[in-house]
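S.K.: Prediction below, plus the sequence it came from.
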Amino acid sequence: MGRFSLTTGQVPSAADAHVGDLLANLTDFKIFGRPPGGAVVLLASRSASDLLSGVLADARMAARVRSDSLPVADADAAVENGWYRCDPASLNTPYANFWILKAQRYDTTIHQEITHHQLAIKYRRAKLGTWTAWEQVLGGLTELDARYARINGNQNLFVTAAYAALVLSKTASGQASRVVGSTAGLTRWELALGDGSAESGSDAGSNCSLNAYTDAGAYKMTPWTVSRATGVMAFNLPVKLPSYTVSTLPSASIFNGCTIRVSNGAGGANLATSNGSVWQFAAGATVS
């Protein structure tokens, strides 16, 4: 059990029963204690004014929670709540440099965050003594832009992977997955990679379509659609084929099976199809 050893000040009368009265009359005090079977030891030597004001000097606090962070040779050893610092020789840091480390502990789980004023913010955690790898916290727009798509700006979007894909996932039938092109926030084109047509079975619905919009951003027309069930492309407007003169015909071998318009062939303008060797009109005559 502890007792007070008064060094200066006054002892209050027996009628003074409040601790506050005691502290008000003390300038300095010491607290002693004796463990069972042991010798008396000094537990604390403090100023009463410190207690009244709530001020604790660094020398009376655990090193890990003092005003200057505690240096550690191994980040794995920073397992109690508090602030620590590491230098290039410290072990188990993300890489050799100067770091400020914050540790938070809850039972057997420890969370560490390590900060460098220029390089990075990283974190890791331990469960039952096993640490995870250091993970970087993206702390600013520059870091986010380097890893993720920009919301605004003059950057391109790149998806880099062995089988790169931009996935648009709608949540139910009757919804649409769309890629939209706009001007000043007003829609100009919309490519529906699965439109709002209902999925009723047998691969029906969620067809592909291209939609055009007006200057005001209102829907105007759907030039074509592709059936998901059959793969048939339906043109909702007349189709304009490329037009050539007899002297400017493209290579028949390269465009085998393709159809073009010949503007000045024998008999006037007409359609012609390549058989792989020459361009032929519908009647079978070679284009001339």
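M.R.: Looks like it came in fine.
S.K.: Please make it C-alpha for all contacts and neighbour counts, starting now.
M.R.: OK.
S.K.: Please enumerate the helices of the stretch 1-150 of the chain.
M.R.: In the stretch 1-150 of the chain, the helices defined using DSSP state H, counting those that start in this stretch lie at 19-24, 48-53, 141-147.
S.K.: Mind listing the residues bridging to T115?
M.R.: I100, I121 (DSSP bridges).
S.K.: so it sits right up against R124, yeah?
M.R.: No. Taking contacts as C-alpha atoms under 8 Å, T115 lies outside contact range of R124: 12.0 Å.
S.K.: Which helix or strand contains I260?
M.R.: strand 259-262 (DSSP states H and E).
S.K.: what's in contact with the next helix-or-strand element following that strand?
M.R.: Scanning forward in sequence from strand 259-262 by DSSP H and E, the next helix or strand is strand 270-274. The set of residues external to strand 270-274 that reach it, using C-alpha atoms under 8 Å, 6 or more residues apart in numbering, is 252-253, 255-263, 279-282, 287.
S.K.: which among the residues you listed end up buried?
M.R.: Burial by neighbour count, 16 or more other C-alpha atoms under 10 Å: within those this picks out A252, F255, T259, I260, R261, V262, W279, Q280, F281, V287.
S.K.: From P242, how far off is the first one?
M.R.: Looking back up the chat, that one is A252. 14 Å (C-alpha to C-alpha, to the nearest Å).
S.K.: count of neighbours near C208?
M.R.: 22 (other C-alpha atoms under 10 Å).
S.K.: surely it meets T222?
M.R.: No. Checked against C-alpha under 8 Å, the pair C208 and T222 is beyond contact range at 10.6 Å.
S.K.: Find residues that contact each of these two.
M.R.: Residues touching both C208 and T222 (C-alpha under 8 Å, 6+ apart): none.
S.K.: Can you tell me which of the buried ones among the contacts of strand 270-274 is closest to S197?
M.R.: Ranked by distance to S197 (C-alpha to C-alpha), those are led by T259 at 31.9 Å.
S.K.: Please give me every residue in contact with that closest one.
M.R.: Going by C-alpha under 8 Å, 6+ apart, T259 touches L241, L271, A272, T273, S274.
S.K.: Y219 - how many residues pack around it?
M.R.: What Y219 shows, counting by other C-alpha under 10 Å, is a neighbour count of 15.
S.K.: Quick check: it vs S202, distance?
M.R.: On the measure of C-alpha to C-alpha, Y219 and S202 end up 29 Å apart.
S.K.: And the residue lying closest to T273 once chain neighbours are set aside, what's its pLDDT?
M.R.: Nearest non-adjacent residue to T273, counting by C-alpha to C-alpha, 6 or more residues apart in numbering: T259, 4.4 Å away. T259 is assigned 96 on the pLDDT scale.
S.K.: I'm done for today, thanks for sticking with me.
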